[in-house]
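In: This is a predicted model, with the sequence first.
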Amino acid sequence: MNHEVSSLGERGVVLTPDGTTVAVGHLIAGIEAGLKRKVEHWSDVAGDRPVTVDNLYALTLAKDLGVAFVAHHLNRSQGLLGPDGCWDNVTSPQVFTGTGSWSLATNALINGGMDGFILGDLLTELRAPLPKLSSVLRDYYGEVQGQLGLKANSRRENFEAKVDLGNFTNEIVSAVYLYDHNRTDSILQHLDYNIFREISEQGVKQFRYNYLVCPPIIPRCMWGAKPYKGTPVTLALPLRYVYIHHTYEPSRPCTNFQDCAADMRSMQRFHQDDRQWDDIGYNFVTGSDGYLYEGRGWLWLGAHTKGQNSKGYGVSFIGNYTSELPDQAAMELVKENFMRCAVIGKKIVSDYAVQGHRQHGETTCPGEMLFNEIKTWEAFKEVGQVNRTTEE
């Protein structure tokens, strides 16, 4: 229940069935806060500024985000947000270790805080008799749609729909002032109110980009990727193109983490062993489980669209889309979240072009139905159309 991050790993977290890692304490705190939800007003915490604290915000994310923002401001060697991480064993997980510069607000903490806020907010509205906690968690984290109507793989959309983002900075500032009040080791004693507020505003901006704009991505280590063979070639960013593919084989969409992870391993084996490539060819792969899966990722040159690999990202949908379309949510994940995330993060240019694999080779990929769909996307361009537009 106690979340802790150190050089030894991250404790107080669990691997959920959807393939993400969640801080248990923040999840349970949100559920309890929802059942006892209240808004408190304090007048003696931040000097002459009254403080209003919603306990559901404070106990799930607001306090911890604010403390993490301050810690980063005071010590820049500490990350602002994140990182994600890897388990020592996905089937029997015991130790979870971050994969980058760690923050006090790791991905696991934020996932748990989002889930706690979503479920706490839901329980605020429910009338007796309330469901058992085990039923709530089974409904939320299980694959089958339950009575709640909410699933963990849609936590980002559900959190954005429930949270008052316009007031989020206020909740963070208020929660930290209340937390800091009467502490002997005050973290705010050397920070002016306006500076702290500015720090919080910048932190919220980054939080929104990382966790609400960008799609959730399952890292390589979580789907069991083998190492890259040889030395990866770094892409020269920003790129101009996104090339859409379908896997064809596996031919069926995957709808849960275990199946999608198995499909990723299968494709990597085929690309590395049969085709003798250095790695799985795609930069990213989209399942029908609510997640993108990291292939070669944002930085490494892929092997997906012959003659074009240095110009754009290869993004594939798991399944055969010759006569049917991918899940609508999966298409939105690529069309909206992935593209917007890549533009804001300066991974692709703002006037990027979307093209199908078949436009650059003798192939039917990404399937007739999917190709006809992407032709309706605003960013779709015929071959040569991008260059003519640029020259004009």
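Out: On my side now, so go ahead.

In: what's the distance between residue 43 and residue 171?
Out: Noted for residue 43: a distance of 17 Å to residue 171, by CB to CB, to the nearest Å. In this view, the C-beta of every residue, glycine as well, is placed from N, C-alpha and C.

In: Tell me which residues of the helix ranked longest in the chain come out buried.
Out: The longest helix of the chain (DSSP state H) is helix 107-125. Neighbour-count burial for helix 107-125, counted by 16 or more other CB atoms under 10 Å, picks out 107-123.

In: ok so, going back, pick out whichever of residue 43 and residue 171 has more residues nearby.
Out: More neighbours surround residue 171 than the other of residue 43 and residue 171, with 24 against 10 (other CB atoms under 10 Å).

In: element containing the spatially closest residue to the more buried one that is not a sequence neighbour?
Out: Closest residue to residue 171 apart from its sequence neighbours, by CB to CB, 6 or more residues apart in numbering: residue 57 at 4.1 Å. Element membership for residue 57 (DSSP states H and E) is helix 55-57.

In: these two touch, right, residue 302 and residue 284?
Out: No: contact criterion CB atoms under 8 Å: residue 302 and residue 284 do not qualify, at 9.2 Å.

In: Looking at those two, which is more packed in?
Out: residue 302 (27 against 23).

In: Do you know the pLDDT at residue 127?
Out: Per-residue pLDDT puts residue 127 at 77.

In: Same question for residue 94.
Out: So, for residue 94, pLDDT stands at 89.

In: Quick one: residues contacting the spatially closest residue to it that is not a sequence neighbour.
Out: Spatially, and ignoring its direct neighbours in sequence, residue 94 is nearest to residue 88 (5.7 Å; CB to CB, 6+ apart). By CB atoms under 8 Å, 6 or more residues apart in numbering, residue 88 lies in contact with 94-97.

In: got the contact list for residue 203?
Out: If a contact means CB under 8 Å, 6+ apart, then residue 203 has 65-66, 68-69, 72, 80-81, 172 as its contacts.

In: Which single one of the residues you listed is nearest to residue 297?
Out: residue 81 (18.4 Å; CB to CB).

In: hang on, the earlier thing: what is the longest helix of the chain packed up against?
Out: strand 21-23, helix 24-35, helix 55-57, helix 133-141, helix 155-162 (3 or more CB pairs under 8 Å, 6 or more residues apart in numbering; DSSP states H and E).

In: which one of the ones you listed lies closest to residue 340?
Out: Here helix 155-162 is closest among the helices and strands packed on helix 107-125 (CB to CB), at 12.7 Å.
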